[in-house]
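S.K.: 3D model of this:
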Amino acid sequence: SRRITWTAGNQEVDGYTQLISLVRQDARNQLALDAAKHGGDGVVVDDVELSVRESECSSFGYAHDFHAEAVFVGTSIARFRRSERPAGPGPLTIMRLERER
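M.R.: Have a look, this model is predicted:
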């Protein structure tokens, strides 16, 4: 396994670009589904890691496969809904304990 650097001058490498786009899209979708499964309404993404590696095809000695992995780490956020009736006891009144000078 080794890191790959792609350059094609001023041209886009279609298959490589499509692979990266699909992997990132799938990782975002999986994170959103996981957040929703646990009651979240959305996600704030904290970190993204993308790795691509190349391996020789087993059936063709001259061709290579590319494997990409995207990892999105985030915080699930949930909306607080207001109801007409308070959900619990009212807020506590806090009295400062320090003395004034």
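S.K.: need the strands for the protein, in chain order.
M.R.: 42-56, 64-77 (DSSP state E).
S.K.: Show me which of those strands has the highest average neighbour count.
M.R.: Each of the strands of the chain was scored by mean neighbour count; the highest is strand 64-77, a mean of 14, by mean count of other Cβ atoms under 10 Å. C-beta coordinates here come from the backbone N, C-alpha and C atoms, glycine included.
S.K.: Could you list every helix and strand in contact with that strand?
M.R.: helix 14-37, strand 42-56 (3 or more Cβ pairs under 8 Å, 6 or more residues apart in numbering; DSSP states H and E).
S.K.: one step back: right, so of the strands of the chain, which gets closest to residue 19?
M.R.: Closest to residue 19 of the strands of the chain is strand 64-77 (Cβ to Cβ; 5.3 Å).
S.K.: and that closest one with strand 42-56, angle?
M.R.: Interaxial angle, strand 64-77 versus strand 42-56 (axes from the mean of the first three to the mean of the last three Cα atoms, to 10 degrees): 170 degrees.
S.K.: Give me the average confidence score over strand 64-77.
M.R.: Strand 64-77 carries an average pLDDT of 90.
S.K.: Same list, the strands of the chain, but as TSV with distance to residue 14 please.
M.R.: Formatted as TSV, the strands of the chain follow (distance: least, Cβ to Cβ, whole Å):
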stretch	distance to residue 14
strand 42-56	15
strand 64-77	13
